[in-house]
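**Q** Build me a structure from this.
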Amino acid sequence: MIRAFKSLILLVTLVAAIPVALAQQALVDAKVSGTVGERPDGLVAMVEETSDPAIQALIQSVNTQRLSEYQKIATDTDAPLAAVQARAGRQIIQNLPKGQYFMDAAGRWRKK
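**A** Numbering: from 1, shown residues only. Below you'll find the model as predicted:
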């Protein structure tokens with residue numbers, strides 16, 4: 001009985017992780033294609049304007065998840081949200097693979 005319960009928990013966890021994994025792959029694909037880039041505030045945005053609702057939904061989803069995590073960190077550390085976002089943005093851009101886009105401090109898109 002306990003073994004069956006553990007198997008069920010594992011299955012539910014794996015099924016719940018599938019949308020997150022698909023979203024992560026979609027983000028990687030969008031960044032590699034140059035459609036989406038990283039901003040200095042730790043969020044993502046469109047590099048090339050597109051009316052593709054899937055890309056717009058992806059950006060919204062990623063930014064909502066990131067903002068939620070940044071807010072949690074800010075609350076846990078008593079740091080301003082903007083400071084947490086700026087630090088995350090620096091780290092993300094620093095680790096960005098060559099060929100992907102990031103927004104510089106002046107708001108221009110640059111290819112790493």
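**Q** Excluding residues flanking it in the chain, which one is nearest the residue nearest in space to the middle of the chain?
**A** When CA atoms, centre = their mean is applied to the chain, the residue found nearest the centroid is Val62 (4.4 Å). For Val62, ignoring the flanking residues on the chain, the nearest one in space by CB to CB, 6 or more residues apart in numbering is Val44 at 5.3 Å. Where C-beta positions appear, they are placed from N, C-alpha and C, glycine not excepted.
**Q** Show me what that neighbour is bridged to.
**A** Glu38 (DSSP bridges).
**Q** What strand or helix carries Gly34?
**A** Counting by DSSP states H and E, no helix or strand carries Gly34.
**Q** dump the residue contacts of it.
**A** Residues in contact with Gly34, defined by CB atoms under 8 Å, 6 or more residues apart in numbering, are Val47, Glu48, Gln100, Tyr101, Lys111.
**Q** So how do I select the buried members of these in ChimeraX?
**A** This is how ChimeraX selects the buried members of the contacts of Gly34, with burial counted by 16 or more other CB atoms under 10 Å:
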select :47,100,101
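**Q** a markdown table for the contacts of Gly34, including secondary structure and distance to Ala79?
**A** Output for the contacts of Gly34, formatted as a markdown table (DSSP: H, G, I helix; E, B strand; the rest coil; distance: CB to CB, whole Å):
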| residue | secondary structure | distance to Ala79 |
| --- | --- | --- |
| Val47 | coil | 29 |
| Glu48 | coil | 33 |
| Gln100 | coil | 27 |
| Tyr101 | strand | 27 |
| Lys111 | strand | 31 |
